[in-house]
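Peer 1: here is a sequence together with a model predicted from it:
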Amino acid sequence: MLGDCSALNSLIRMLIIPGALTVALFPRITALISVDLNAAKKLYSKATTIVTKIFAPILLIITLSSHVWLSVWLGVEFADKAWVIASILSIGIFFNRIAQIPHAIIQAKGDTRLTALIHLTEFVLYTTFIYRY
């Protein structure tokens, strides 16, 4: 149990960098959306590319070497049971980071209804999967 929490905590700490980028981007994108939509699209594309180029290789390495690292850190017996979970978490964190930028764009546009609908859809899907599996 401690290993799962520690591994997840380590992976979640990687969210700080794209989170900071998104927070820094938000005022600029908010200003650009109303003035120059093409410039806002270019900034969005650039931010997504930066996050992808930084985190894809890191999380790919984590995903492919999760068994090795967990074996060294917490033992082979634990790694045999937890490496798949660590791999899935790292892939999920990657997509979560990529999704944070479009989420910021939706907020910058002031489209809170769309955000609420997305979260409601996620809630329905997650609760369905939790009870089904």
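Peer 2: Received, thanks. Just so it is clear, the model here is predicted, and its values are computed rather than measured.
Peer 1: name the nearest residue to residue 28, sequence neighbours excluded.
Peer 2: residue 43 (6.6 Å; C-beta to C-beta, 6 or more residues apart in numbering). No exception for glycine: its C-beta is placed from N, CA and C like everyone else's.
Peer 1: buried stuff in the helix or strand harbouring that neighbour?
Peer 2: Element membership of residue 43, judged by DSSP states H and E, is helix 37-74. Using 16 or more other C-beta atoms under 10 Å as the test for burial, helix 37-74 gives 40, 43-44, 47-48, 51, 55, 59, 62-63, 66-67, 69-71, 74.
Peer 1: kindly report the same for stretch 78-90.
Peer 2: 78-79, 82-83, 86-87, 89-90.
Peer 1: the residue nearest to residue 28 is in contact with residue 29, isn't it?
Peer 2: Yes. Using C-beta atoms under 8 Å, residue 43 makes contact with residue 29 at a distance of 6.0 Å.
Peer 1: next, name the residue at the spatial heart of the protein.
Peer 2: Nearest to the geometric centre of the chain sits residue 96, at 2.1 Å (C-alpha atoms, centre = their mean).
Peer 1: which pair in the buried residues of helix 37-74 spans the largest distance?
Peer 2: 40 and 71 (46.0 Å; C-beta to C-beta).
Peer 1: helix 37-74 and the helix or strand encompassing the residue nearest to the centre of the chain, what's the angle between them?
Peer 2: For residue 96, the host element (DSSP H and E) is helix 76-109. If you take axes from the mean of the first three to the mean of the last three C-alpha atoms, to 10 degrees, helix 76-109 sits at 160 degrees to helix 37-74.
Peer 1: how about a markdown table for the buried residues of stretch 78-90, with pLDDT and distance to residue 13 added?
Peer 2: Below are those laid out as a markdown table (pLDDT from 0 to 100; distance: C-beta to C-beta, whole Å):
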| residue | pLDDT | distance to residue 13 |
| --- | --- | --- |
| 78 | 88 | 20 |
| 79 | 87 | 20 |
| 82 | 86 | 18 |
| 83 | 88 | 19 |
| 86 | 85 | 14 |
| 87 | 86 | 17 |
| 89 | 84 | 12 |
| 90 | 85 | 12 |
